[in-house]
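Undergrad: here's my sequence, what's the structure:
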Amino acid sequence: MNNLKSITLSPGRQNILIKKIINDFCPNFSPHSKIIYVGDTDEKFAYFDESALLELGIKIDTHEKMPDIIIHFLAQNWLVLIEAVTSHRPIDAKRKTELESLFKNSKIPIVMVTAFLNRKAMKEYLSEISWETDVWVAEDATHLIHFNGENLLQPYSGYRP
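TA: Numbering: from 1, shown residues only. Okay, here's the model as predicted:
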């Protein structure tokens with residue numbers, strides 16, 4: 001995340017989770033990425049590299065409901081859209097459709113992630129999370145939950161009979 005200049009986020013649970021996403025999720029699941037956007041509860045556009053999105057074919061209307069964080073995962077050439085859930089809803093079917101529409105002109109594949117501070121918070125929204133998205137829980141920072149799509153049952157490489 002060497003492109004992200006120092007930003008100041010307003011106090012609150014939402015921005016605690018935003019910081020954990022930047023400091024924990026990114027190094028674990030999207031190392032050597034470029035942060036394009038970080039939202040803030042007080043200032044909607046705390047950080048925004050509009051030119052980076054334009055290079056990927058995306059023009060944003062500032063009135064649109066942005067995800068909380070947008071990352072260009074350079075190693076995979078994916079655009080990672082992250083919703084930090086503390087008071088808002090997760091990426092459910094409706095939100096997934098909204099994000100697909102907002103980023104429909106993307107030249108690269110999109111990955112959608114809902115982030116929670118802990119499992120207790122996730123439990124409240126578990127039945128609403130959309131298929132073909134991922135879930136990250138900050139208290140278990142090195143693990144990711146995939147609500148499967150094309151990748152069906154696969155062995156875990158750490159399991160040995």
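Undergrad: so what's Asp24 scoring on pLDDT?
TA: Note on Asp24: pLDDT of 96.
Undergrad: check contacts around it.
TA: Counting by Cβ atoms under 8 Å, 6 or more residues apart in numbering, Asp24 touches Ala138, Ala141. In this view, the C-beta of every residue, glycine as well, is placed from N, C-alpha and C.
Undergrad: and it, helix, strand or coil?
TA: helix (DSSP: H, G, I helix; E, B strand; the rest coil).
Undergrad: and it, how far from Met122?
TA: To Met122, Asp24 is 16 Å away according to Cβ to Cβ, to the nearest Å.
Undergrad: which element is the spatially most central residue of the chain on?
TA: Nearest residue to the geometric centre of the chain (Cα atoms, centre = their mean): Ile82, 1.6 Å. In the assignment (DSSP states H and E), Ile82 maps to strand 78-85.
Undergrad: hmm, who's touching the lengthiest helix in the chain?
TA: Criterion DSSP state H: the longest helix present in the chain is helix 93-102. Helix 93-102 is touched from outside by 60, 64-67, 81, 83, 89, 91, 110, 112, 130, 132-133, with contacts defined as Cβ under 8 Å, 6+ apart.
Undergrad: equivalent analysis for stretch 66-78, please.
TA: Contact with stretch 66-78 is made by 14, 18, 21-22, 26, 30-39, 44-45, 52-53, 56, 60, 79-84, 99, 102, 108-112, 115, as judged by Cβ under 8 Å, 6+ apart.
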